[in-house]
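> let's see this in three dimensions:
(one chain, ligands or ions: 1)
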Amino acid sequence: MATLDSKIPKGPLKDKWTTYKDKIDLVNPANKRNIDVIVVGTGLAGGSAAATLAELGYNVKAFAYQDSPRRAHSIAAQGGINAAKNYQGDGDSFYRLFYDTVKGGDYRSREANVYRLAEVSANIIDQCVAQGVPFARDYGGLLDNRSFGGVLVSRTFYAKGQTGQQLLLGAYSAMNRQIARGKIEMFNRHEMLDVVLVDGKARGIIARDLITGEIERHSAHAVVIASGGYGNVYFLSTNAMGSNATAAWKIHKKGAYFANPCYTQIHPTCIPRSGDYQSKLTLMSESLRNDGRIWVPAKLEDAKAIQQGTLKPTQIAEEDRDYYLERRYPAFGNLVPRDVASRAAKERCDAGYGVNGTGEAVYLDFAAAFERYGNEQAKIHGIKNSSKAEIIKLGQAIIEEKYGNLFQMYEKIIAENPYETPMMIYPATHYTMGGVWVDYNLMTTVNGLYCIGEANFSDHGANRLGASALMQGLADGYFVLPYTIGDYLSDDIRTGKISTASKEFEEAEKEVKDRINFFVNNNGTKSVDHFHKRLGKVMWDKVGMSRNEKDLNEAMAEIKAIREEFWKEVMVPGTANEMNPELEKAGRVADFLELGELFAKDALVRNESCGGHFREESVELDGLQKGEAKRNDKDYAFVSAWEYKGEPADAVLHKEELEFNDIELKQRSYK
Ligand SMILES: Cc1cc2nc3c(=O)[nH]c(=O)nc-3n(C[C@H](O)[C@H](O)[C@H](O)COP(=O)(O)OP(=O)(O)OC[C@H]3O[C@@H](n4cnc5c(N)ncnc54)[C@H](O)[C@@H]3O)c2cc1C
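Okay, here's the model as predicted:
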């Protein structure tokens, strides 16, 4: 059994990372040339890690299932990336970013990791600006910032609504330089299907060439998994359709503990689903909550009329609107954290006040912002006696400048002009805070096997604040892993090339081939999507925004039954030796069907409400916080790290107790 040692360095919080870096072992430049590192995934986390490791001199083999690193799911990130630069002079500091993140995560993350994240956040911005990432700038040419949920400062750097895309182009350019130098060997259209352990150390992977179907062996001295999150276990999510858990799940089965699988983020501002045949949900960036106000009708009869299509939102008078976030959380208003905003939307919709034909939507309204910005513009330009229509036009131009592409995307999907009628939004699965357990070095419970970015259990505790995933992925890839991995690899300078002609590689390859052959020969009657949709429905209905013991027990049994049926009835057309997207999906859904059950088990064991995990049995019953989530620090201030034992129901729980020395555990209030 692996041990659970978080390896947090001793000493004061503020000095831990610096002192640690000063003392860890290094690999000299000549020796780095003899060391190979595999990086699975070239999104922001893997791309930045691959580029940096290659720049340092290691030989990197990088893998991605897309046709280019540029197409990783990271490209979808819209709103921005946090950094404690205090450019606004509004009191920001490393400590505040650290504090907001630990509080935002409902006190379920590791202090030392989060403080390090806050410290390196500033370097990320400098690095990306040096790469040419076109962050938004203010009138004077300085980098601009906006605000995201759960904080009282403006620390989010952004590039319109395309921050992920621009950051990824930066990381990709850095990778390309190394590809050209021969320091990165890039394997596009390759899917890692297993990790290979030799003498208890990660020494390679088995990958499938997705074009030819060929199964390949690749060796290295260390393996880094940067394969993204597992939100698609819900079938419908804001993630890219291809995002999956296979790499993370395969390493779990080989000994890497899986942490906090039940911590999932349901994002409050997504385009509501339209029907049963939908295969994807679309995020409307949280940045919109800087200027948009969220409301539902205050009167039930108005909500009903809207649902029936006989009333329009613009016909509802100001006094008949319920700006429920501003009402319930006056201090943070529309910028409460995502978990709080999502639950509040669900509460209003469950009570019958939802809009849209389905009753599952709330409004995000920019009318007040149009007027506010319009008046400001009129003053700036010395325009006097303008009509209300002129003022609104001026304001709309500012909103267009800030969020134009998001408004355009909304109009294309919903066929309504959001400049004229409020947007409709509803919560949707978006991000997974849980993932592979890693220590302070970002190493899993398997020696030489690292995990970074959204794939690890990360620094976000039970809830991630907006704009902090990009920060964490790039912190891991550019500034943390490249140091910590050296400490491990310093023992490998005399090892020489790792051979792939060993029984360990042979066995792993056989397992992969057997599974593929099973799928293409199964002759079942139901498509892979059939099972994925059924899994997603159980997850959303019983392991979604609110959870209880009865539902969770049922979910575990139902997921197991779906899994058993899947192995009997799944139909995969085509052959193994060709490009076969259904075959790829079959493997990924098989893994989701195991992960989903562990997810429900984890949620069952955690009988407290914290962050995105809301247990109906754990709610404040009176006082100012009545109806809000109730955390239980006495019994649950730990990270759940699950050890694989065959069936997900048999997984064994290991607890990493969380210590809080620099932050006081408080009830999380945004009132
Ligand atoms: C719509 C949307 C908007 C978002 N906006 C923001 C935002 O504004 N700010 C913010 O901070 N965060 C945002 N996020 C979250 C953030 O984008 C992600 O958490 C982050 O980009 C994940 O990066 P990653 O590198 O860990 O994984 P990914 O970008 O998902 O990359 C995964 C990589 O792994 C590869 N891969 C996976 N499995 C395998 C395998 N088995 N074999 C080979 N390769 C594999 C893929 O090919 C890919 O290269 C947003 C998320 C969504 C869904």
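> so which bits of the stretch 351-500 of the chain are right by the ligand?
430-431, 453-455, 467-470, 473 (Cβ under 6 Å from any ligand atom). (Each C-beta comes from the backbone N, C-alpha and C, glycine too.)
> apart from its neighbours in sequence, what residue is nearest whatever residue of the stretch 1-150 of the chain ends up closest to the ligand?
Residue nearest to the ligand within the stretch 1-150 of the chain (Cβ to the nearest ligand atom): G43, separated by 2.3 Å. Take G43 and drop its neighbours on the chain: the residue closest to it by Cβ to Cβ, 6 or more residues apart in numbering is A72, 3.4 Å away.
> what about the one you found, distance to F258?
Taking Cβ to Cβ, to the nearest Å as the measure, A72 falls 22 Å from F258.
> ok, G140 next?
Counting by Cβ to Cβ, the gap from G140 to F258 is 48 Å.
> when these two are compared, which one has more neighbours?
More crowded of G140 and F258, by other Cβ atoms under 10 Å: F258, with 30 against 6.
> the residue nearest the centre of the chain pairs with what?
The centroid of the chain falls nearest to Y431 when counting by Cα atoms, centre = their mean (3.4 Å). When bridges are called by DSSP bridges, Y431 pairs up with Q265.
> pretty sure it is touching Y234, no?
No - in this structure, Y431 is not within contact of Y234 by Cβ atoms under 8 Å, at 11.5 Å.
> so what sits against both of the two?
T264 (Cβ atoms under 8 Å, 6 or more residues apart in numbering).
> any idea which helix or strand carries R563?
helix 549-569 (DSSP states H and E).
> quick one: mean pLDDT over that helix.
Average pLDDT, helix 549-569: 98.
> right, and the helix or strand after that helix?
As the chain continues past helix 549-569, the following element, by DSSP H and E, is helix 581-605.
> now the residue nearest to T444 when sequence neighbours are not counted: how far from T3?
Using Cβ to Cβ, 6+ apart and skipping residues adjacent in sequence, the residue nearest T444 is A256, 3.9 Å away. Separation of A256 from T3 (Cβ to Cβ): 13 Å.
> more neighbours: which of the two?
A count of neighbours by other Cβ under 10 Å puts A256 above the other of A256 and T3, at 29 against 6.
> which residues touch that one?
A256 neighbours (Cβ under 8 Å, 6+ apart): 248, 436-437, 444-446, 449, 451.
> can you check D487 too?
24-26, 441.
> again, 7 Å this time
24-25, 441 (Cβ atoms under 7 Å, 6 or more residues apart in numbering).
> in stretch 490-500, what counts as buried?
492, 498, 500 (16 or more other Cβ atoms under 10 Å).
> need these in JSON lines with pLDDT and secondary structure, can you?
Output for the buried residues of stretch 490-500, formatted as JSON lines (pLDDT from 0 to 100; DSSP: H, G, I helix; E, B strand; the rest coil):
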{"residue": "D492", "pLDDT": "96", "secondary structure": "helix"}
{"residue": "I498", "pLDDT": "98", "secondary structure": "coil"}
{"residue": "T500", "pLDDT": "98", "secondary structure": "coil"}
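> CSV for the residues you listed, including distance to G536?
Output for the buried residues of stretch 490-500, formatted as CSV (distance: Cβ to Cβ, whole Å):
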residue, distance to G536
D492, 42
I498, 39
T500, 37
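> restricting to C-alpha, output stretch 26-44 in CSV.
The C-alpha coordinates for stretch 26-44 follow below in CSV (Å, rounded to 0.1, in the frame of the first residue of the first chain):
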residue,chain,number,x,y,z
LEU,A,26,19.2,19.6,-8.9
VAL,A,27,20.2,17.8,-12.1
ASN,A,28,23.1,19.3,-13.9
PRO,A,29,22.5,20.5,-17.5
ALA,A,30,24.7,17.7,-19.0
ASN,A,31,22.8,15.0,-17.1
LYS,A,32,19.4,16.4,-18.1
ARG,A,33,20.2,15.5,-21.7
ASN,A,34,20.1,11.8,-20.6
ILE,A,35,16.8,12.0,-19.0
ASP,A,36,13.4,11.4,-20.7
VAL,A,37,10.1,12.7,-19.4
ILE,A,38,6.7,11.7,-20.8
VAL,A,39,3.9,14.4,-20.5
VAL,A,40,0.4,13.2,-21.2
GLY,A,41,-1.7,16.1,-22.2
THR,A,42,-0.7,19.4,-23.8
GLY,A,43,-3.4,21.8,-22.5
LEU,A,44,-2.3,24.7,-20.4
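> list the buried residues in that stretch.
27, 31-32, 34-44.
> average pLDDT across that stretch?
97.
> ditto for stretch 477-487
98.
> quick one: low-confidence ranges for the protein?
1-2 (pLDDT under 70).
> tell me what the lengthiest helix in it is packed against?
Longest helix in the chain, counting residues (DSSP state H): helix 388-414. Contacts defined by 3 or more Cβ pairs under 7 Å, 6 or more residues apart in numbering; DSSP states H and E place helix 388-414 against helix 367-380.
> by contact count, what packs against the helix it packs on?
helix 388-414.
> need the next SSE after the helix or strand where R327 lies, C-terminal direction.
Assigned by DSSP H and E, R327 belongs to helix 324-328. Sequence order places helix 338-350 as the next helix or strand after helix 324-328, per DSSP H and E.
> inside helices: which ones of the buried residues of stretch 26-44?
Per DSSP H, the buried residues of stretch 26-44 map to helices at 31-32, 44.
> so the residue sitting furthest away from the middle of the chain, which of the three states?
Outermost residue of the chain with respect to the C-alpha centroid, by Cα atoms, centre = their mean, is N385; its distance is 48.0 Å. Using DSSP: H, G, I helix; E, B strand; the rest coil, the structure places N385 in coil.
> got CSV for the ones in helices among the buried residues of stretch 26-44, with distance to G333 too?
Below are those laid out as CSV (distance: Cβ to Cβ, whole Å):
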residue, distance to G333
N31, 55
K32, 51
L44, 30
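> picking up where we left off before, what backbone torsions are found at the residue nearest to T444?
Note on A256: its backbone torsions stand at phi -80, psi 130 [degrees, to the nearest 10].
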